[in-house]
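>>> Return atomic coordinates for the entry below.
(chains A, B and C)
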Amino acid sequence: MNKRLVLLLAALASALGAADSGGQLRFAIQAEPRTFDPHLVNEDASGMVRFLTAGVLIRLNRQTQKPEPELAQSWKVGQGGRTITLQLRENITFSNGSPFTAEDAVFSIQRVSDPKNLSPVGDSLRAGGQPPQAKVTGKYSLSVRFAAAVPNCERLFDDLAMVSALAPADPRVALGPFLVKEYKAGSHLLLERNPRYWKKDAQGKALPYLASIRVEIQRNRDMEMLKFRRGELHLIQNLDPDGFSRLQNAGAEDLGVSLNLEMVWFNQAPQAALPAYKKAWFQSREFRQAVSEAVNRDDIARIVFKGHATPAPGPVSPGNQFWSLKSLPPPFRSPQAALARLRKAGFSLRGGQLYDPTGQPVEFSIITNAGNKSRERMASLVRQDLGALGMRVNVVTLDFPSLIERISKTGQYEACLLGFVYNDLDPNSQMNIWLSSSGTHPWNPGQKKPATPWEAEIDRLIVAQAAEPDPIKRKATFDRVQQIVVDQAAVTCLVYKNALLAVQPGVKNVKPVVLPPNALWNVERLYLEGDALRASR
Amino acid sequence: MAWAVVLAIVAAALLAGFLARAPHDHQFREAIGERPSAAFPLGTDDLGRDRFSRLLYGTRVSLLLAPAAAAASVIAAALLGTLGGFLGGRWERAVAAAADLTLSLPWLFLLLALRAVLPLNAAPWLVLMVTFGILGLLGWAAPARVVLAGIREIRNADFMLAARARGVSSWRLFAAHLIPNVWPILLAQFLISIPAYILAEANLGMLGLGVSESTPSWGNLLRELENQPDLLLRPAERWEVFVPVAVLILAVAAFHILAGRDRVEVSR
Amino acid sequence: MASLFARAFLTVLLGAILSGTLVRFAPGFDTDTRQLDVRLSESAIEALKAERQREGELGTYYVRFLSGYVTGDLGESSLLNQPVKRLIAERFAPTFTAVSGGLVMAWIAAAALAVLAHFFGAPARGLLTAASGVFLSIPVAVLAFVFLLHGNGSVQAAALVVGCAVFPKLAQYLHQLFTRARSAPHVMTAHARGLSPAVVFLRHVMAPCLPEIAALAGVSLAFAMSAAIPAEVVLDIPGLGQLAWQAALGRDLNLLVQLTMLITAVVVFANALAEWPSLRRRGAQ
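Residues are numbered from 1 along each chain as shown, chains lettered A, B, ... in the order given. Okay, the predicted model is just below:
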């Protein structure tokens, strides 16, 4: 009894000590979080808040890229990925003191998969078009059954926040290291330490170390940089290359190649409202290959990204350690080869202008989103590279909603320069990019049946890998998809951006990684020291 | 002096093709962000394009289009303002209300989405013309108010009353008496509007709207400062980046002086 | 007078309706960035589209919008997921500080220079021309940017930017008013009668200009409001101008309409108030 009291006191003292010593971490985000309900999250800012405040059953270790036990201490996948049974840690409580049990876990799974919530997490749980069946099998155990096999299904739990069945929509009742304390739209968000957070460090000290986190909402990145330099912010995530060179000797770090791909694709939809001869170019593999061979990706990486990008040979970045196709050769560039290829396909170059086999001059527009400096610059470079082949390219920058309308609704565009931002490592999360029937299939969305044999092949492969329990076989199948995308130049992959960030030296335990949330993945173990700590008080 | 500045800038713009050594959009990729040299009098920007050439062609764009936009707005203002003012009563109130309304609507929004409405393969100069044309037409309200106020004064002036008493027809009154007296007001408004449109384009450029990247314009050239803002703290280090801003400020000031002189004459 | 305010009210209402229509038919209204989330199922994307369509039904919207004014409910912002009323309340203070602070600064500086130019002739006139010329020639956004880089992204900096943008127009106009008033015959007579210059200025130059100064006050508010938008956007100040900018970029119909309504109302009523004294005078005559 006494011993317990002593232990309790010691825990309390260390908790207080940690809360006191950790300080307030400050950083900025560019957009307003749209919701604090972890199940309704559908953009990055809210996703970041969810990461900091919500507990999950299984966490993807951002360093090893492998799943690890979190609120579930163990799990077992059965029937080739059709079921998963989870054993929860015992004696964990929500921030309001109520216990966390299998009831809450099952409730959370059911709530997030309710189609009414339009939740991306919920939708990714729906295998075979059906929501999963979650069942309480004991006070601390549950089982989840999917309508179809979901290989690698434990990864789905990384975004699946556990909420209290008694207070589901209350952001103050949570299991994560921090709690939302105050939010002022357009200004800031204050998170405070969850005093009942379950994790302890190796010495038995309660986590998190930080007493609070202040997230400034700062659209202007110059302002963010200025505050960082003055020591008012401790961290800058997603730094751009200009910013990187400005903070070169002041804490900027290049973490290496990220998951994000920048690319150009042509509108290959047969029903597109374009002249027939243009559709013929865009649907011609030779034409797309020639474009791909003419683009100088090294220059893009060197000039636009100041060296902080890697020329992309294929659609999946090597930042995705397991799934990227490593046997792809580095991108091949040769304007002469490109021109020869075009000549073979009947194009001809006269007086610096390229003409197609029917005598039409080759001229098209590339749209990209206005205000994104690196995309505008990439488009400028591509324009000059293609100009060397005699193609006349108009770069048109559109504001984002207008751009989306063109690529996803009206189909009134010729080529588009955008990026893929992958939220997840697993190819299953990319189904809607590669499936020809999907509305977000970039070059020809929503096809009733695949327009080309190679798209039919991609469809077949991507569906086959989704049902394959053996990871090695899955990988081989997905490798084929990547190879086809490259062979057909379905999209012209340009570069993978590097993950850039800046951290003040006073922030301890930072081990930034290329996966989001980059420097915050081990947030419960971060603390401040020296100037950073003094400034945060 | 002001005339000299304007003339020099206009001459530089007209002779752009002659003075510039490189096309304004060619990227010298082995010469990124170079300092001024014999080959590049103002150095190169961060895509390796000749800054001097971009400045000359940008001047051409801004100097051609700002007066065009000013003309569009003043013509629209003249039409609506003189008619409203001359007809008086309900018409005058209607024009005044329409002007108030135009001034209050979120037109910035229209400019934001304008490029999306135009065909994607429209030539850059056409897009520019349309953008400035619309900017100009939307700008009718401010000069129209001035015209209305001016006409109200002229309408009640002694010579108009006398002419009306002599039985001069409405049409003749309008053509022979009103128009010649409104003319100076219109001219002044035109001159005032030119720098206003130069500034409008610059502001739009800073906000990322306006003229698209590969076509240079003054507003566009200002964005370079945005890319390397640290230079603002040490201007001497890379003076060449500031030349476009200096030219812009000089031109706007010169136009203001020209417009100002006329305005004082009008008010006398 | 009643008709003056009735007209102002009608203008505001019409402005709101027109701006709503403008947003509704702008390209990109029908789409939502969320539709690009590759994790969403087809049915969820369809549901998002349907939601957007419902928001875009203008007839229903205007009915809701007008009845909202009766019940005091300004609706929700689809972009920020928050009640418009709360957003406006939260963002009002910075804009108010920037605009009012800027106006006070601009008026003090402009009045001081114009009065100086009145009393001290050529050198002071030169100062006025030079000062107003310089500020008139620098784009507001550039000015804001310079403040930003000198480490001051505060509301005070925004006020200063607004002040710098409004000041030159005020200074020039006041100067012109005084110059014109000074050459009037009765002012000459007063001087000849040996009245002190200060008395002549206050009674015979300033006083007759008061209605025009009042009108100028109304107009300067409009200038200040239009300078506040770029200033807030560049300096990243969470005010109404920045909110309007976000609403436009995000095609947030309701938020943009309500903001337009508010900004129009302030400008139009300020103008009406400014016209009021001169109208009353005209009526009295």
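>>> What residues does A:N320 make contact with?
Counting by Cβ atoms under 8 Å, 6 or more residues apart in numbering or on different chains, A:N320 makes contact with A:Q65, A:L259, A:Y422, A:L425. C-beta: built from backbone N, CA, C; applies to glycine.
>>> Any chance of TSV for the residues you listed, columns neighbour count and distance to chain B?
Supplementary listing: the contacts of A:N320 in TSV, determined by neighbours: other Cβ atoms under 10 Å in any protein chain shown; distance: Cβ to the nearest Cβ, whole Å:
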residue	neighbour count	distance to chain B
A:Q65	17	35
A:L259	23	26
A:Y422	24	27
A:L425	22	33
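>>> Count the residues that sit near residue 191.
Picking chain A for this. Other residues near A:L191 number 26, with proximity taken as other Cβ atoms under 10 Å in any protein chain shown.
>>> Not quite, go with chain C.
Residue neighbour count, defined by other Cβ under 10 Å, stands at 14 for C:H191.
>>> residues in contact with the closest residue to it other than its chain neighbours?
Taking Cβ to Cβ, 6 or more residues apart in numbering or on different chains, and ignoring the residues beside it in sequence, C:H191 has C:V200 as its nearest neighbour in space, at 6.0 Å. When contacts are counted by Cβ under 8 Å, 6+ apart, C:V200 touches C:V187, C:A190, C:H191.
>>> Show me what from the stretch 101-250 of chain B comes close to chain A.
Within the stretch 101-250 of chain B, the residues that sit near chain A (Cβ under 8 Å from any Cβ of the partner chain) are B:112-113, B:115-116, B:120-121, B:124, B:208-209, B:212-214, B:226-230.
>>> returning to that earlier point: check the secondary structure at the residue nearest to C:H191 for me.
What DSSP: H, G, I helix; E, B strand; the rest coil gives for C:V200 is helix.
>>> okay, it: pLDDT?
Note on C:V200: pLDDT of 83.
>>> quick one: it from C:A112, how far?
The spacing between C:V200 and C:A112, counted by Cβ to Cβ, to the nearest Å, is 19 Å.
>>> Go ahead and flag the most central residue of the chain.
Assuming you mean chain A. What sits nearest the mean C-alpha location of chain A, by Cα atoms, centre = their mean, is A:N423, with 2.7 Å.
>>> ah, I was thinking of chain C
With distances taken as Cα atoms, centre = their mean, chain C has C:M225 as the residue nearest its mean C-alpha position (2.0 Å).
>>> Could you double-check that it sits in contact with C:L262?
No. Using Cβ atoms under 8 Å as the test, C:M225 is too far from C:L262 to be in contact (10.2 Å).
>>> Of all residues in the stretch 51-200 of chain A, which one is closest to chain C?
A:G186 (3.0 Å; Cβ to the nearest Cβ).
>>> what's the helix or strand for the residue nearest to the centre of chain C?
Of the helices and strands defined by DSSP states H and E, C:M225 is found in helix C:207-235.
>>> What is that helix packed up against?
For helix C:207-235, the contact count by 3 or more Cβ pairs under 8 Å, 6 or more residues apart in numbering or on different chains; DSSP states H and E identifies helix B:179-206, helix C:84-120, helix C:140-149, helix C:155-182, helix C:240-249, helix C:253-284 as packing neighbours.
>>> Pick the most buried one from these.
Scoring the helices and strands packed on helix C:207-235 by mean neighbour count under mean count of other Cβ atoms under 10 Å in any protein chain shown gives helix C:240-249 as the most buried, with a mean of 25.
>>> Now do that one against helix C:155-182, angle only.
Per axes from the mean of the first three to the mean of the last three Cα atoms, to 10 degrees, the angle that helix C:240-249 makes with helix C:155-182 is 110 degrees.
>>> Next up, the contacts around residue 32.
Went with chain A since none was named. Residues A:A45, A:A185, A:G186, A:I217, C:L80 are the ones in contact with A:E32 under the rule Cβ under 8 Å, 6+ apart.
>>> hm, I was asking about chain C
Taking Cβ under 8 Å, 6+ apart, we find C:D32 in contact with A:I404, C:L48, C:K49, C:R52.
>>> A:F478 too?
Under the criterion of Cβ under 8 Å, 6+ apart, the contact partners of A:F478 comprise A:W323, A:P427, A:L461, A:I462, A:Q465.
>>> just the residues you listed now: which is nearest chain B?
Distance ranking of the contacts of A:F478 against chain B, using Cβ to the nearest Cβ, places A:I462 first at 31.2 Å.
>>> which stretches of the stretch 51-200 of chain A form strands?
With DSSP state E, counting those that start in this stretch applied, the stretch 51-200 of chain A shows strands at A:55-56, A:58-60, A:67-69, A:72-78, A:83-88, A:133-138, A:141-145, A:161-162, A:178-184, A:188-193, listed in chain order.
>>> Packed most tightly, which of those would that be?
strand A:161-162 (a mean of 25).
>>> Give me the pLDDT for the residue of the stretch 1-150 of chain B found nearest chain A.
When distances are taken as Cβ to the nearest Cβ, the stretch 1-150 of chain B approaches chain A most closely through B:A116, which lies 3.3 Å from it. We have a pLDDT of 78 for B:A116.
>>> Please identify the helix or strand for it.
Assessed by DSSP H and E, B:A116 sits inside helix B:107-117.
>>> Does that helix reach chain C?
Yes. Helix B:107-117 is in contact with chain C by Cβ under 8 Å from any Cβ, via B:L108, B:F109, B:L110, B:L112, B:A113, B:A116, B:V117.
>>> buried ones in that helix?
Using 16 or more other Cβ atoms under 10 Å in any protein chain shown as the burial criterion, the residues of helix B:107-117 that qualify are B:W107, B:L108, B:F109, B:L110, B:L111, B:L112, B:A113, B:L114, B:R115, B:A116.
>>> Quick check: chain neighbours aside, which residue is closest to C:G75?
In this structure, C:G75 finds its nearest non-sequential neighbour in C:N254, 4.7 Å apart by Cβ to Cβ, 6+ apart.
>>> how close does the one you found get to chain B?
Distance from C:N254 to chain B, counting by Cβ to the nearest Cβ, to the nearest Å: 13 Å.
>>> Please apply the same query to A:K449.
A:K449 is 29 Å from chain B, where distance means Cβ to the nearest Cβ.
>>> wait, is that residue part of a helix?
No. Applying three-state DSSP, one finds A:K449 to be coil, outside a helix.
>>> Just the pLDDT for it.
A:K449 is assigned a pLDDT of 91 by the prediction.
>>> That one: what's it in contact with?
The neighbourhood of A:K449, defined by Cβ under 8 Å, 6+ apart, consists of A:S436, A:A456.
>>> Give me every residue in the stretch 101-250 of chain C lying close to chain A.
Selection of the stretch 101-250 of chain C residues close to chain A by Cβ under 8 Å from any Cβ yields C:L148, C:L149, C:G151, C:G153, C:V234, C:L235, C:D236, C:P238, C:Q242, C:L243, C:L249, C:G250.
>>> wait, which of these is closest to C:G72?
Set against C:G72, the nearest of those by Cβ to Cβ is C:L243 (19.8 Å).
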